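> Could you work out the structure for the sequence below:
(chains A and B, ligands or ions: 2)
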Amino acid sequence: MPKIRLEGLVKRFGTVEVLHSIDLTMAENEFTVLVGPSGCGKSTTLRMLAGLDTLSAGEIYIDEKPVSHLEPKDRDLAMVFQDYALYPHMNVARNMSFALRLQKRPKDEIDTKVRDVAKMLGLTEFLNRKPGELSGGQRQRVAMGRALTRDSSTFLFDEPLSNLDAKLRGQMRAELALMRQRVKKNMVYVTHDQIEAMTLADKIVVMRGGYIQQEGSPEELFKRPANKFVAGFLGSPPMNFLDVTLEEGADGFFARGDGFRIALGAELAERARRKGQSEFVMGIRPSDLNYDAQAPDDAAMDLRVSISEYIGAQSVLICKCGEATVTVEIKSETPIALGDVLRFAVRMEGVHLFDKTTEEAL
Amino acid sequence: MNRQSLNRLTPYFFMAPAAVIMAIALFYPLLYMMFGSFRAWDPSQRLNETDFVGLANYTKLLRDEAFLESVTVTLTFAGTVVVAEMLIGVGLALLLDRKIRGMSVLRTLFILPMMIAPVVVGLVWRFMYHPTDGIFNRWLSALGLGRVDWLGDHALMSVIIADIWQWTPFIFILSLAALQSLPRTALEAARIDGATGWQQIVHIKLPLMAPVLIVTFLLRLIDAFKVLEVILVMTEGGPGLSTEILALRIARTAQEFRELGEAAAMSNYLLLLLMVLTLGMFAFTRWQEARAQRLNAVKQEEG
Ligand SMILES: Nc1ncnc2c1ncn2[C@@H]1O[C@H](COP(=O)(O)OP(=O)(O)OP(=O)(O)O)[C@@H](O)[C@H]1O
Ligand SMILES: [Mg+2]
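Residues are numbered from 1 along each chain as shown, chains lettered A, B, ... in the order given. Ligands and ions are numbered 1, 2, ... in the order given. Modelled structure (predicted):
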């Protein structure tokens, strides 16, 4: 299966430029997930890849061959549209088999294929319904099914599970993960769902405002975000950001903020020192803050609980640390009351520092 | 009367004025004509002074060769123009359904023929078909080809051409509107699914346009059966009976032959024909839908 390379991809609608020179390489059989806030250009990127939108500049290479002049049908890809785009006059079975019927595949093969995919998506009982007679989630599964019946070399998914309930979404996610192991295909997948992005992706590409912010494996992005935006975008609940001042003490460097003073790891401290400035933004994920009354002063924060959100085994606490707001997680059975001041231990490897003006990670 | 039944009657109360007007404007003349068609009726007589003749007018028409000829001409004319106009109109719409600069100007130009009064259309075409001075024959002879006796030997074809010129835009405009309101993304999906331009038309565009096309087809068909002025001006039904369509025949029967009863019977035949066609068409679409459903149901049971 081919490798896809986007080179200097620019898209303008009239005078508005919505994609600014996107460079991206997707290795063979890679599962690439595009994430980013609404309107950042994910769908546009997919549509250009599919050949539905023209390029304003740049080139797309599939297997090192430029394809921007090719019609969608000559690019050998299947796509799930964000708004489903089902054929309103065909029933579910005919929607799903349209491409195969155009290819004049044998009838038995088509029937088997449609039935298999329908079964996997839980659509068997709806095969004879028209799209107008289905719920939103059912339609979305048909859209998914229409792509999955094809055996194209590349699959493009534009938020294919966004309209499903949590349970069904989990099932579909598992099916996708399975399918991905079974058939080696290029997949480009747009989602707003953290868990989908993290579990499915070989590579996550974070976009914002028509620029790529960072690309890499889920682990890489989670552990070493390139900037404050990526750090805040991935992970749930999101990373906490606090203003700190770099301080040199007797035994190393410290990040001093409003009501805390935390010792920095040697490596991070060295990078901060070399910056030659003292004001930074410190980022720390809720998962790197552990409730621990015995934690030493230079590796702890004292937080005053202002809101507690019960979400099952865990509760999310929204706390005050001086003026700043800090989110932490805690086991639900821990006895706490609003207004309590609790001590949380800071995991040293979980401390990130960002430049205050450029927002780049150190 | 209790409140509930009053509530139920309210809509009828509001509909009553419209219903009365409908009854007067539509059904009165219709019934008048029906009534008249069973009588020997001369324009100088009042309807109640006429004699009842039963079905005589109708049976007489069935043996009247001029009338039968007129029916044939009408069927030929209507069938040909509607099929040709549908093909050309829908075809043009499919071709021009894209972003072209100046499309709105083009569209306005296209509907011009529809906006010209039929009498004027008839006059213009009669002039263009003129054996020696008409533009067609002048071109033909300039090209060294022989002249064509447009309104003589080929009168029916000539009026058909004129009608196609005038009414194709109607179908074009409606088809174009239908095309432009199709769901764009479904067409994009078809492109991804590998449909060629032609396959997109056959599998996606035409089926989705079908409801509009059927109505357009019926409107045009009904209209084509009643066409009068253009042909009256161009050929007056001649030469011989070659272009005497039913509407013309009816007018002549009433005015020249002063046989109002017979003319009324003819109108009823025309009405009947149109009703059969329209109902037939609806029945056909119904039947097709039902058949598709049945097939699906059978498949379901097998599957
Ligand atoms: N046809 C168009 N004409 C003008 N602007 C457009 C058009 N299509 C998209 N845009 C703009 O391009 C930008 C990117 O749109 P796009 O659909 O790619 O966003 P997205 O990342 O898919 O967002 P979402 O997550 O909400 O689906 C948006 O600001 C949008 O307003
Ligand atoms: Mg989108």
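> element containing residue 18?
Answering for chain A, as no chain was given. Secondary structure from DSSP states H and E places residue A:18 in strand A:16-26.
> look at chain B instead
If you go by DSSP H and E, residue B:18 is part of helix B:3-22.
> Against which helices or strands is that helix packed?
For helix B:3-22, not one helix or strand is in contact under the criterion 3 or more CB pairs under 8 Å, 6 or more residues apart in numbering or on different chains; DSSP states H and E. Yep, even glycine has a C-beta here, placed from its N, CA and C like the rest.
> now the strand holding residue A:18, how far from the chain's geometric center?
Mean-position distance between strand A:16-26 and its chain equals 17 Å (CA atoms, centre = their mean, to the nearest Å).
> The closest residue to ligand 2 within the stretch 101-250 of chain A: neighbour count?
Across the stretch 101-250 of chain A, no residue is closer to ligand 2 than residue A:158, which sits at 5.8 Å (CB to the ion). A total of 24 residues lie near residue A:158 under the criterion other CB atoms under 10 Å in any protein chain shown.
> which residues does the residue lying closest to it once chain neighbours are set aside contact?
Closest residue in space to residue A:158, ignoring its immediate chain neighbours: residue A:82 at 4.1 Å, by CB to CB, 6 or more residues apart in numbering or on different chains. Neighbour list for residue A:82: A:43, A:158, A:159, A:162, A:190 [criterion: CB atoms under 8 Å, 6 or more residues apart in numbering or on different chains].
> Distance-wise, check residue A:82 relative to residue A:191.
As judged by CB to CB, to the nearest Å, residue A:82 and residue A:191 stand 11 Å apart.
> And for residue B:108?
According to CB to CB, residue B:108 stands 47 Å off from residue A:191.
> Residue of the stretch 1-150 of chain B nearest ligand 2, please.
Nearest residue of the stretch 1-150 of chain B to ligand 2 (CB to the ion) works out as residue B:99 at 22.9 Å.
> Now do the contacts for that residue.
Residue B:99 neighbours (CB under 8 Å, 6+ apart): none.
> so it sits in a strand?
No: the assignment for residue B:99, made by DSSP: H, G, I helix; E, B strand; the rest coil, is coil rather than a strand.
> what about the residue nearest to residue A:293 when sequence neighbours are not counted, helix or strand, and which?
Nearest in space to residue A:293, with sequence neighbours left out and distances taken as CB to CB, 6+ apart, is residue A:343 at 5.1 Å. Following DSSP H and E, one finds residue A:343 within strand A:341-346.
> name the helices or strands packed onto that strand?
Strand A:341-346 is packed against strand A:289-291, strand A:300-310, with contacts defined by 3+ CB pairs under 8 Å, 6+ apart.
> Would you confirm that residue A:177 contacts residue A:199?
Yes: counting by CB atoms under 8 Å, residue A:199 is a contact partner of residue A:177 at 6.5 Å.
> where exactly do the helices run in the stretch 101-250 of chain A?
Here the stretch 101-250 of chain A has its helices, by DSSP state H, counting those that start in this stretch, at A:107-121, A:136-148, A:166-182, A:194-200, A:218-223, A:228-233.
> Show me the contact partners of the second one.
Under the criterion CB under 8 Å, 6+ apart, residues A:78-81, A:84-86, A:92, A:95-96, A:98-99, A:114, A:117-118, A:120-123, A:126, A:131, A:134, A:155, A:157, A:160-165, A:168, A:172, A:179, B:189, B:193 lie in contact with helix A:136-148.
> how far is it from where the chain is centred?
Centroid separation for helix A:136-148 versus its chain: 21 Å, with CA atoms, centre = their mean.
> and it, what's its mean pLDDT?
Mean pLDDT, taken over the full extent of helix A:136-148, equals 91.
> so what's the residue of the stretch 101-250 of chain A closest to ligand 2 up against?
Residue A:158 makes contacts with A:42, A:43, A:46, A:79, A:80, A:81, A:82, A:190, as judged by CB under 8 Å, 6+ apart.
> Tell me the pLDDT of the last one.
Residue A:190 is assigned 94 on the pLDDT scale.
> Work out which residue lies at the spatial centre of chain B.
By CA atoms, centre = their mean, chain B has its centre lying nearest to residue B:221, at 2.5 Å.
> tell me the SS of that residue?
Using three-state DSSP, the structure places residue B:221 in helix.
> From residue B:285, how far out is the closest residue to it other than its chain neighbours?
Nearest residue to residue B:221 in three dimensions, chain neighbours excluded: residue B:82, at 5.1 Å (CB to CB, 6+ apart). Distance, residue B:82 to residue B:285, by CB to CB: 17 Å.
> Those two: who's more crowded?
Between residue B:82 and residue B:285, counted using other CB under 10 Å, residue B:82 has the larger neighbour count: 24 against 13.
> end-to-end on stretch A:117-127?
End-to-end distance of stretch A:117-127 (CA to CA, to the nearest Å): 11 Å.
> And the residue of chain A that's closest to ligand 2?
Residue nearest to ligand 2 within chain A (CB to the ion): residue A:43, separated by 3.1 Å.
> Check which helices and strands the helix or strand that residue falls within sits against.
Element membership for residue A:43 (DSSP H and E) is helix A:42-50. With contacts defined as 3+ CB pairs under 8 Å, 6+ apart, helix A:42-50 has these neighbours: strand A:4-13, strand A:16-26, strand A:31-35, strand A:77-80, strand A:154-158, strand A:186-190.
> Quick check: which of the helices and strands packed on strand A:341-346 has the most neighbours on average?
Stretch with highest mean neighbour count among these: strand A:289-291 (a mean of 19; mean count of other CB atoms under 10 Å in any protein chain shown).
> That strand pairs with which strands?
Using DSSP bridges, strand A:289-291 pairs in its sheet with strand A:341-346 (antiparallel).
> Could you tell me which residues of the stretch 151-300 of chain A lie near chain B?
By CB under 8 Å from any CB of the partner chain, no residue of the stretch 151-300 of chain A approaches chain B.
> Could you list the low-pLDDT ranges of chain A?
Applying pLDDT under 70 to chain A picks out residues A:1-2.
> Pop the domain breakdown of it in here.
As given by automatic domain parsing, the domain ranges for chain A are A:4-233, A:240-355.
> And those domains: which comes nearest residue B:4?
Shortest separation from residue B:4 across the domains of chain A is recorded for domain A:4-233, at 33.5 Å, computed as CB to CB.
> could you check whether stretch A:11-27 is close to ligand 2?
No: judged by CB under 5 Å from the ion, stretch A:11-27 and ligand 2 are separated, with a smallest distance of 11.4 Å.
> quick one: that stretch to chain centroid distance?
Its chain's average C-alpha position is 19 Å from that of stretch A:11-27, according to CA atoms, centre = their mean.
> How about that stretch, which residues are buried there?
A:11, A:18, A:19, A:20, A:22, A:24, A:26 (16 or more other CB atoms under 10 Å in any protein chain shown).
> And stretch A:200-213, by the same measure?
Applying a neighbour-count criterion of 16+ other CB under 10 Å, one finds A:200, A:201, A:203, A:204, A:205, A:206, A:207, A:208, A:210, A:212, A:213 buried in stretch A:200-213.
> how about the helices in chain B?
B:3-22, B:28-37, B:56-63, B:65-96, B:103-115, B:118-128, B:135-142, B:155-180, B:184-192, B:197-200, B:206-226, B:229-234, B:246-255, B:260-302 (DSSP state H).
> Which residues does the second one contact?
Contacts of helix B:28-37 from elsewhere in the structure, counted by CB under 8 Å, 6+ apart, are B:47, B:50, B:57, B:58, B:260, B:261, B:264, B:265, B:267, B:268.
> can we see that at 7 Å?
Under the contact criterion CB atoms under 7 Å, 6 or more residues apart in numbering or on different chains, helix B:28-37 has outside partners B:47, B:57, B:260, B:261, B:264, B:265, B:267, B:268.
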